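K.L.:
below is the structure, and that's it, no one-letter string:
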C-alpha cells in the first residue's frame, strides 16, 4: 500500500492545485463570515438581513456548508460586512 501525504488538506480533497486554492479561499471566507455572525450575536434573521440572504441560505452559511456558496458569493458577502450597515 502506498501512503500519500499532502501539504494541505485541500490538496487531498481536490484534483488540481487551483481547485485546492479555491477551496482554501472559500473556507477562510466562510470561517470569517460565521465568526462575524457569532461575534455580533446576530440571530439567523438578523444575519440574513445584514447579508441580504434568505433565512435558509443564512442557516447554510452558519452551519459552514462550504458547498452551498461559490467563491464569488462569499467574497460579495465579505464585502457587505465591510460597508457601513453591514
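P.N.:
Happy to help now that I have it. Just so it is clear, the model here is predicted, and its values are computed rather than measured.
K.L.:
longest helix of this protein, counting residues only.
P.N.:
Longest helix of the chain, by residue count under DSSP state H: helix 17-40.
K.L.:
list the buried residues in whichever helix or strand comes after it.
P.N.:
Using DSSP states H and E, the helix or strand that follows helix 17-40 in sequence is helix 44-51. Across helix 44-51, burial judged by 16 or more other C-beta atoms under 10 Å covers 44, 47-48, 50-51. Just so you know, the C-beta spots here come from the backbone N, C-alpha and C atoms, and that holds for glycine as well.
K.L.:
give the other helices and strands that the longest helix of the chain contacts.
P.N.:
Using 3 or more C-beta pairs under 8 Å, 6 or more residues apart in numbering; DSSP states H and E, the elements in contact with helix 17-40 are helix 9-13, helix 55-62, helix 71-81.
K.L.:
what's near enough to touch the residue nearest the centre of the chain?
P.N.:
The centroid of the chain falls nearest to residue 30 when counting by C-alpha atoms, centre = their mean (1.9 Å). Neighbouring residues of residue 30 by C-beta atoms under 8 Å, 6 or more residues apart in numbering: 61, 64, 66, 69, 74.
K.L.:
that older thread, now render the helices and strands packed on helix 17-40 as TSV, adding mean neighbour count and distance to residue 23.
P.N.:
TSV is the format used below for the helices and strands packed on helix 17-40 (neighbours: other C-beta atoms under 10 Å; distance: least, C-beta to C-beta, whole Å):
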stretch	mean neighbour count	distance to residue 23
helix 9-13	14	5
helix 55-62	17	16
helix 71-81	15	9
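K.L.:
tell me the contacts of residue 23?
P.N.:
10, 13-14, 66.
K.L.:
switch the cut-off to 7 Å
P.N.:
Contact partners of residue 23, counting by C-beta atoms under 7 Å, 6 or more residues apart in numbering, are 10, 13-14.
K.L.:
swap in residue 10?
P.N.:
Counting by C-beta under 7 Å, 6+ apart, residue 10 has contacts 20, 23-24.
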